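Student: Please find the sequence and the predicted model below.
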Amino acid sequence: DIVMTQSPDSLAVSLGETITINCKSSQSVLYSSDNKNYLAWYQQKPGQPPKLLIHWASTRESGVPDRFSGSGSGTDFILTISSLQAEDVAVYFCQQYDSPPHTFGQGTRLEIK
Amino acid sequence: QLLQSGAEVKKPGESLRISCKGSGYIFPNYWIAWVRQMPGKGLEWMGIIYAGDSDTIYSPSFEGQVTISVDKSINTAYLQWTNLKASDTGIYYCARHPNGLDVWGQGTTVTVSS
């Protein structure tokens, strides 16, 4: 299985700041045939199912604010949230879908100071 | 959307099948994944089924513990247990998989307690 490791486990920041969440896979999720990284990011708010924010490591889903951006390739990925807003309080997960089982990171809890 | 069946309370050793009904898209054209979230914990990918031909892939962690199936004639996927354990308590989500999981059900809470 591919192991996904996120850092940090939690962070508390002030409104308006920019944050980054890291996600590292134990093996590359870059598929050479199409040069795509099979990596997704999700946001989960309390009492709700997760919401897909980004797929192919950097492609934002329709309707997701452009404050959310994804980057990285191979084994190292970053979710960046700029101009943090109160509604961004949530747990964020990365997931690889290159090779079954499509494992998730352990999650990063984002809180407002 | 994906609409899941309601919450269940079961005893250890009992059987259970929960459902996930798709609407608003061509159901047989997509994979449906099942994801577990134990109380206060993260997301665990259990397995995935292609609704068009029932091709199924299980996570090694769940293979033999659950059965994933689909009835494409009624646009519904299922997750089934034959011998529930207290450790099966959690929220179970179904989700559609094109590239990542883009549409999620609301979740089915399963509580297993004697």
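Tutor: Everything's here; your move.

Student: need the contact list for residue B:103.
Tutor: B:1-2, B:25, B:95-96 (CB atoms under 8 Å, 6 or more residues apart in numbering or on different chains). Where you see a C-beta, it was placed from the backbone N, CA and C, and this is true even at glycine.

Student: So which of the residues you listed is the closest to chain A?
Tutor: Within these, proximity to chain A (CB to the nearest CB) peaks at residue B:95, which comes in at 7.7 Å.

Student: show me what contacts the closest one?
Tutor: With the criterion set at CB under 8 Å, 6+ apart, residue B:95 makes contact with A:49-50, B:2, B:32-35, B:101-105.

Student: Adding distance to residue B:89, pLDDT and secondary structure, write the residues you listed out as a markdown table.
Tutor: Converted to a markdown table, those look like this (distance: CB to CB, whole Å; pLDDT from 0 to 100; DSSP: H, G, I helix; E, B strand; the rest coil):
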| residue | distance to residue B:89 | pLDDT | secondary structure |
| --- | --- | --- | --- |
| A:49 | 18 | 98 | coil |
| A:50 | 19 | 98 | coil |
| B:2 | 22 | 98 | strand |
| B:32 | 22 | 98 | strand |
| B:33 | 20 | 98 | strand |
| B:34 | 16 | 98 | strand |
| B:35 | 15 | 98 | strand |
| B:101 | 22 | 98 | coil |
| B:102 | 27 | 98 | coil |
| B:103 | 25 | 98 | strand |
| B:104 | 20 | 98 | strand |
| B:105 | 18 | 98 | coil |
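
Student: the helices in chain B, which residues?
Tutor: In chain B, no helices are defined using DSSP state H.

Student: Which parts of it are strands?
Tutor: Taking DSSP state E, the strands of chain B run over residues B:2-4, B:8-10, B:16-22, B:31-37, B:43-50, B:56-58, B:67-71, B:76-81, B:90-97, B:103-104, B:108-112.

Student: I'd like those laid out as JSON lines, including distance to residue A:37.
Tutor: As requested, those are exported to JSON lines (distance: least, CB to CB, whole Å):
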{"stretch": "strand B:2-4", "distance to residue A:37": "26"}
{"stretch": "strand B:8-10", "distance to residue A:37": "38"}
{"stretch": "strand B:16-22", "distance to residue A:37": "27"}
{"stretch": "strand B:31-37", "distance to residue A:37": "19"}
{"stretch": "strand B:43-50", "distance to residue A:37": "18"}
{"stretch": "strand B:56-58", "distance to residue A:37": "20"}
{"stretch": "strand B:67-71", "distance to residue A:37": "27"}
{"stretch": "strand B:76-81", "distance to residue A:37": "27"}
{"stretch": "strand B:90-97", "distance to residue A:37": "16"}
{"stretch": "strand B:103-104", "distance to residue A:37": "22"}
{"stretch": "strand B:108-112", "distance to residue A:37": "31"}
